[in-house]
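Colleague: Next comes the sequence, and after it the predicted model I'd like to discuss.
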Amino acid sequence: MSTSPLQGYDQIVAVSQDHINMSLDARFSDEKLLKWDVKVSGIGHLAGHMLPPTVALFIPNEPAKTHFCLHFDSGNLTYYTYTDEEPPMPVTHVVDVTDWKLAFMVNLNLDAISKLPDDLAKKITFPGSYSVKQLLLDFTTADLMAFDPKLSVIPASDTVKPLGQDPKRDQALADMINTYLREQVLSASHNVLGYAITVDDPAKTNPIAPSFPPTLVRFQTMAHQPTSSGNDCILFLEMTDKHPFPTQPYIGWTWNWISEDKLDARHAGSMVVTIITLVKTTSPSMDEREEWKRIAQAADAVSNAWTTTAAHGMGWDWKYENNFDEPNFHHSRSCDTKVDVAPDVTDPTAIAGVWDIEATVTYGFRFSLNVAAGALGFSPTANPEPDCKVKLTAVFNDDGGSKEIPSLTKEKEEEVRKAVKAEVDKEMPSFVQQINDAFKHQAQFVFPGGGTFFMKDPGLNAAGDMVVGLTYKQE
C-alpha cells in the first residue's frame, strides 16, 4: 500500500467490533444488569434473563450509527391488549422470549463529561489540560419499533408472529426495553464505547504525555472487506497541532484496519500515525536561521580573516527512508546555504575579490521502534559522522572578466569543511537528548478509545506511516 490510509487525517485509532463486544461482556457481568423484571403500568411485564448485549457496528451509508443487540436466554413477556367494549377489558398475552434476539439502531454521539474515569486520569499527568468526551450509544435516539429484521431473531411458532406482524406486542417490547435502558443502563453509564481525549492548546499541556495529543477527534464505523463482521471497527479520526479536519468528514475503505489473523498484532485494533507527525515530533527544535548563522560564523572563523557579506538560500529538508525488514526508519536532515565572503583587504596576502562558500551539511537519526511493557518506545541514534560538503570558489576581476582560482579553492575547502563540521558536532548531543526526552515517557500515551490496549509490533507501511498493533487488555 503506497498511499496512506489516513486520507488527510494525522492519525487514526481503530478498535474492532469483537473487542468492543468483549468490553461490553466485562461491563455487563453484574447479574443485576442481566436480570429483567420490568413492569410498565397498563402495558405489561417482562421477566427474564439476558446474556451481555453486543453491537453490530457497520450500517451501510450510516457511519455514525450502529445496531445494539439484546440476547434473551430465558423469560416471559406478558402484555395486554384491550377489547372494544366499554369499559375496555384487558386481554393478557404471555410469550416465551427464550432465544430471542432484538437489534435496533442507535446513534453514536460524543458527549462531554466533567469527570475523568479513574483509569484515564492516572494516565494523564495534568488532567485539567485535556478534554474528554464519551463515545456513547445514544439510546435516547433509538427507534425501538424499528427492530432490524436481519439481525433480530424470534423463533417461529404457531402462536408467535415475526417482528413487524404483531404491532401491539412489538410496542409492548419497545416500552419494556425503553424502561430497562433508562433505569438500568443509562443510569450506570454502561452505554459508553470509549473516550475521545483531546487537548485544547498543545502548548499548555504536558509536552511529553501523550506524545501526539489530538486537538480534534471525530469517529466513524468501517466495514471489514470481504465481509467479516467481527472485524468491523470504530475509527477515531484525529487531527493534531490544531490542524483542521479534512474537507471530507469520513474516509473510504482502502485497507482492513483489523486483521482476521488472531495472532496478528492488528487483530484487536491498530493505530496509524502519519510520517509528517513523526518527523515534526522528532525534529530538533532549534531555530534554523540561528543554526545556520553559527555555521556561517564557523566558516568565517577560518584563517585569512574573511568577512561575510551575505547569506542566502537557507533551507532545511527532512528526508526519511524505510527499512521494511526491520521496525525502524531513518531520517536525514540536509541543510543547504550559500555564504558570500570577501577577504580582508588589510591582509597583505589577500587578493581583492569575492569568495563563494556553498555548504551542504547532512546529519541524521535512526529510530528503532520498539514496545516495552505494552508501551511504544523510540531509540534514536545520531550519525557519528555528519556529512559536510563544502565548495569554495574565489572569483576575481580580470580586464572586465572573471576567472576561478582552483588552487585557492582546493586549499581552503578542507579548512572550511572542518570548521562547519565542528560546529554541527557541537550541536549533535543536544539534538539526541531532545529526541530522547520527547519519547522517554511514551508509556503515558492515552488512546482516544480509552486506554485499554497495549501496543504491539510497531512498524512502517509503504507510505511511511507508523503502524502499531493494539492488544486488548483484560480488565
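Modeller: Received it, and whenever you're ready, just let me know what you need.
Colleague: Can you verify Glu414 is assigned to a helix?
Modeller: Yes. Under DSSP: H, G, I helix; E, B strand; the rest coil, Glu414 falls within a helix.
Colleague: What residues does it make contact with?
Modeller: For Glu414, the contact set (Cβ atoms under 8 Å, 6 or more residues apart in numbering) is empty. Bear in mind the C-beta positions are built from the backbone N, C-alpha and C, glycine included.
Colleague: Same question for Val185.
Modeller: Per Cβ under 8 Å, 6+ apart, neighbours of Val185: 33, 139, 191.
Colleague: Just those residues: which are in helices?
Modeller: Secondary structure from DSSP state H places Leu33 of the contacts of Val185 in helices.
Colleague: Which of the contacts of Val185 sits closest to Thr83?
Modeller: Nearest to Thr83 among those: Phe139, at 33.5 Å, using Cβ to Cβ.
Colleague: quick one: Val91 and Asp84 touch, right?
Modeller: No. The pair Val91 / Asp84 is not scored as a contact, 11.0 Å apart, by Cβ atoms under 8 Å.
Colleague: Scan the contacts of Val185 and report the most crowded one.
Modeller: Compared across the contacts of Val185, Asn191 has the highest neighbour count, 21 neighbours, by other Cβ atoms under 10 Å.
Colleague: Show the contacting residues for that one.
Modeller: 136-139, 181, 185.
Colleague: how far away is the closest residue to His67 other than its chain neighbours from Gln433?
Modeller: Nearest non-adjacent residue to His67, counting by Cβ to Cβ, 6 or more residues apart in numbering: Ala56, 4.1 Å away. As judged by Cβ to Cβ, to the nearest Å, Ala56 and Gln433 stand 50 Å apart.
Colleague: Also Glu31?
Modeller: Counting by Cβ to Cβ, the gap from Glu31 to Gln433 is 55 Å.
Colleague: The two: which has the busier surroundings?
Modeller: The neighbour count for Glu31 versus Gln433, taken as other Cβ under 10 Å, is higher for Gln433 (12 against 8).
Colleague: Would you confirm that that one belongs to a helix?
Modeller: Yes. Counting by three-state DSSP, Gln433 is located in a helix.
Colleague: the helices in the chain, which residues?
Modeller: 17-27, 31-34, 118-121, 167-180, 275-282, 288-300, 406-439.
Colleague: Go through those and find the least confident stretch.
Modeller: Mean pLDDT is lowest for helix 288-300 among those, at a mean of 46.
Colleague: Let me know the pLDDT of Leu51.
Modeller: Value for Leu51, per-residue pLDDT: 96.
Colleague: Now do the contacts for the nearest residue to it once chain neighbours are set aside.
Modeller: Of all residues not flanking Leu51 in the chain, His71 sits nearest, at 4.3 Å (Cβ to Cβ, 6+ apart). Neighbouring residues of His71 by Cβ under 8 Å, 6+ apart: 50-54, 100-101.
Colleague: For His71, give the beta-bridge partners.
Modeller: Per DSSP bridges, the residues bridged to His71 are Leu51, Lys101.
Colleague: ditto for the one 4 residues further on
Modeller: Beta-bridge pairing of Gly75 under DSSP bridges involves Gly48.
Colleague: Next: the one 5 residues further on.
Modeller: Legend: beta-bridge partners of Tyr80 under DSSP bridges are Thr92.
Colleague: Dump the contacts of Asn191 to CSV, plus distance to Gln171 and pLDDT.
Modeller: Supplementary listing: the contacts of Asn191 in CSV, determined by distance: Cβ to Cβ, whole Å; pLDDT from 0 to 100:
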residue, distance to Gln171, pLDDT
Leu136, 25, 89
Leu137, 22, 90
Asp138, 21, 90
Phe139, 17, 88
Leu181, 16, 90
Val185, 20, 82
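Colleague: So which of those residues sit within strands?
Modeller: Taking DSSP state E, the ones among the contacts of Asn191 that sit in strands are 136-138.
Colleague: any idea which of those residues has the most stuff around it?
Modeller: Going by other Cβ under 10 Å, Leu137 tops those with 24 neighbours.
Colleague: which ones are touching Arg27?
Modeller: So Arg27 contacts 52, 190 (Cβ under 8 Å, 6+ apart).
Colleague: Could you tell me how far it is located from Val13?
Modeller: 20 Å.
Colleague: His267 too?
Modeller: Applying Cβ to Cβ, the value for His267 to Val13 is 15 Å.
Colleague: Going by how many neighbours each has, rank the two and give me the top one.
Modeller: Between His267 and Val13, counted using other Cβ under 10 Å, Val13 has the larger neighbour count: 28 against 22.
Colleague: sorry, back to before: from the contacts of Asn191, which is closest to Ile124?
Modeller: Leu136 (20.5 Å).
Colleague: contacting residues for that closest one?
Modeller: 108-111, 191-193.
Colleague: Of those, just say which sits nearest to Thr247.
Modeller: Leu110 (20.2 Å).
Colleague: residues in contact with the closest one?
Modeller: Contacts of Leu110 by Cβ under 8 Å, 6+ apart are 133-136, 196, 217-219.
Colleague: What's opposite it in the beta bridge?
Modeller: Where Leu110 sits in a bridge, its partners, by DSSP bridges, are Leu135.
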